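K.L.:
I would like the atomic coordinates for the input below:
(one chain, ligands or ions: 1)
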Amino acid sequence: MIHIKSASELEKMRRAGRIVAEVLARIGERVAPGVTTAELDALAEEVIRRRDALPAFKGYPPGSPHPFPATICASVNEELVHGIPGPRVLQEGDILSVDVGAIYEGYYGDAAMTFPVGEISEEARRLLEVTEGALYAGIAQARAGNRTGDVSAAIQRYVEQRGFNVVREYTGHGIGRRMHEDPQVPNFGQPGHGVVLRSGMTVALEPMVLAGDYRVRVLDDHWTVVSADGRLTAHFEHTILVRDGEAEILTRL
Ligand code: MG
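P.N.:
Here you go, the predicted structure:
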């Protein structure tokens, strides 16, 4: 069921979004060679709890034999999404994708960003630029009256025209009282297809981009998704509010 939010619900969504944005801003200040992903995870949890919110990913999904054990997903280089934070030390030249969700008074915010660690290669720099650009190309299409396929196609076109590929198995999604609600918003598709977007819908758009082939696999830890060919990957995500005209980005300070 797609849920159009009331004004008071939207205020909670805005608050959840700002908390997530604050986490990513603080992590961005901390990312550097020598830092572990576990340190960044601890920082994220501290910020979220200080704002009277809860980490949305920890223990997700409920009832799973392998619930996600941390506050952030920390995915390095060929790790596309769902990397588990731990003792890994970031190295000069790495790229680190951080995905974070927070629950404020029952409402969810969800966003991701890929950070350069020190000086990075030209290919890595371009991959980050294209993935972030694809997110904004998708957001530009996410307006009332358009369809999810318009958003998906804009993301896919932006990425493929620049020589990279979009993941097939993981998608953007509606968000609100649960982290993943209808509709799904894939990173590939056809204009004019899919669900009609309506003013008041809240959606997480999240291009996941691979420098090489789009195929991925999941590691034995049950979570970490890596590129099958071992090449670099990146991930940018915002939670947005669909309106008539330009969407409001909820996960931005
Ligand atoms: Mg998401």
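
K.L.:
any idea which residue of the stretch 151-253 of the chain lies closest to the ion?
P.N.:
Nearest residue of the stretch 151-253 of the chain to the ion: residue 204, at 4.1 Å (C-beta to the ion). Where C-beta positions appear, they are placed from N, C-alpha and C, glycine not excepted.

K.L.:
helix or strand: which one has that residue?
P.N.:
Secondary structure from DSSP states H and E places residue 204 in strand 202-205.

K.L.:
for the protein, what lies in contact range of the ion?
P.N.:
With the criterion set to C-beta under 5 Å from the ion, the chain comes near the ion through 110, 204.

K.L.:
and with 8 Å instead?
P.N.:
Proximity of the chain to the ion (C-beta under 8 Å from the ion) is limited to residues 99, 101, 110-112, 172-173, 175, 179-180, 204, 206, 237, 239.

K.L.:
which of those residues lies closest to residue 148?
P.N.:
Nearest to residue 148 out of the residues of the chain next to the ion is residue 172 (C-beta to C-beta; 8.5 Å).

K.L.:
show the contacting residues for residue 73.
P.N.:
Taking C-beta atoms under 8 Å, 6 or more residues apart in numbering, we find residue 73 in contact with 57, 81-85, 97-100, 112, 223.

K.L.:
what secondary structure does whichever residue of the stretch 1-150 of the chain sits closest to the ion sit in?
P.N.:
Relative to the ion, the nearest point of the stretch 1-150 of the chain is residue 110 (4.2 Å; C-beta to the ion). Following DSSP: H, G, I helix; E, B strand; the rest coil, we place residue 110 in the strand state.

K.L.:
for the one 3 residues further on, same thing?
P.N.:
Assigned with three-state DSSP, residue 113 falls in the strand class.

K.L.:
hey, where'd the helices end up in the stretch 1-150 of the chain?
P.N.:
Counting by DSSP state H, counting those that start in this stretch, the stretch 1-150 of the chain has helices at residues 7-30, 37-50, 122-141, 148-161.

K.L.:
pull the residues that contact the first one.
P.N.:
Applying C-beta under 8 Å, 6+ apart, the set of residues contacting helix 7-30 from outside is 5, 39-40, 43-44, 47-48, 51, 53, 72, 98, 100-113, 115, 176, 200, 202, 239, 241, 249-253.

K.L.:
reformat the helices of the stretch 1-150 of the chain as a markdown table; add mean neighbour count.
P.N.:
Putting those into a markdown table (neighbours: other C-beta atoms under 10 Å) gives the following:
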| stretch | mean neighbour count |
| --- | --- |
| helix 7-30 | 19 |
| helix 37-50 | 19 |
| helix 122-141 | 19 |
| helix 148-161 | 22 |
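
K.L.:
closest to residue 217 out of the ones you listed?
P.N.:
For residue 217, the closest of those is helix 122-141, at 19.3 Å, according to C-beta to C-beta.

K.L.:
tell me which strands and helices the closest one is in contact with?
P.N.:
On a contact count with 3 or more C-beta pairs under 8 Å, 6 or more residues apart in numbering; DSSP states H and E, helix 122-141 meets strand 95-104, strand 107-116, helix 148-161, strand 202-205, strand 208-210, strand 233-235, strand 238-241.
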